[in-house]
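Asks: Provided below for reference: sequence and predicted model.
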Amino acid sequence: MNYIYSTLTCDNAYATYADNGNKDVPVVKRSVLIRGGHGVANKQLMTPRGVVTMINDEELELLEKNPSFQKHVERGFLTVEKREIAPEKVADDMAEKDRSAPLTPEDCENAAEDDRAAEITTSTKKKKAKK
């Protein structure tokens, strides 16, 4: 077994494609779902620092050929291990959050550094001023 550790916010399905006969649009031949959820509150109201997905050798081989998976590994959002480790420990050495992560109060405090936080902070202030 192999373990994929993720600090991505959303689940990601990495796919391979096959020709669809005489149509120009390829169809999904096979996909592997890697769980996300880093920084997102779950049913227990916990926000995990990392998430693990267990996959077999065949799925790992498929993933290693996928350009999107390769980019996520290169950017530090995914790590492949042959053994199970606590996701929080692995996440310590990984990229913290991607652009789809929910904004936190700290993001809004640092609005000058984060364009998304600046936009939300500004739009929130405008809505309050109109009332």
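Replies: In hand now; what should we look at? Residues are numbered from 1 along each chain as shown.

Asks: okay, CA-based contacts and neighbour counts for the rest of this
Replies: Fine.

Asks: Helices of this structure, start to end?
Replies: For the chain, the helices defined by DSSP state H cover 57-64, 67-74, 87-91, 105-109, 115-130.

Asks: list the helices and strands the second one packs on?
Replies: Secondary structure elements in contact with helix 67-74, counted by 3 or more CA pairs under 8 Å, 6 or more residues apart in numbering; DSSP states H and E, are helix 57-64.

Asks: give me that answer again for 10 Å
Replies: For helix 67-74, the elements it packs on are strand 2-6, strand 12-20, helix 57-64, strand 78-81, judged by 3 or more CA pairs under 10 Å, 6 or more residues apart in numbering; DSSP states H and E.

Asks: likewise the first one?
Replies: When contacts are defined as 3+ CA pairs under 10 Å, 6+ apart, helix 57-64 packs onto strand 2-6, strand 12-20, strand 23-34, helix 67-74.

Asks: Could you list the low-pLDDT ranges of this protein?
Replies: Counting by pLDDT under 70, the chain shows low-confidence ranges at 22, 44-47, 97, 107, 110-131.
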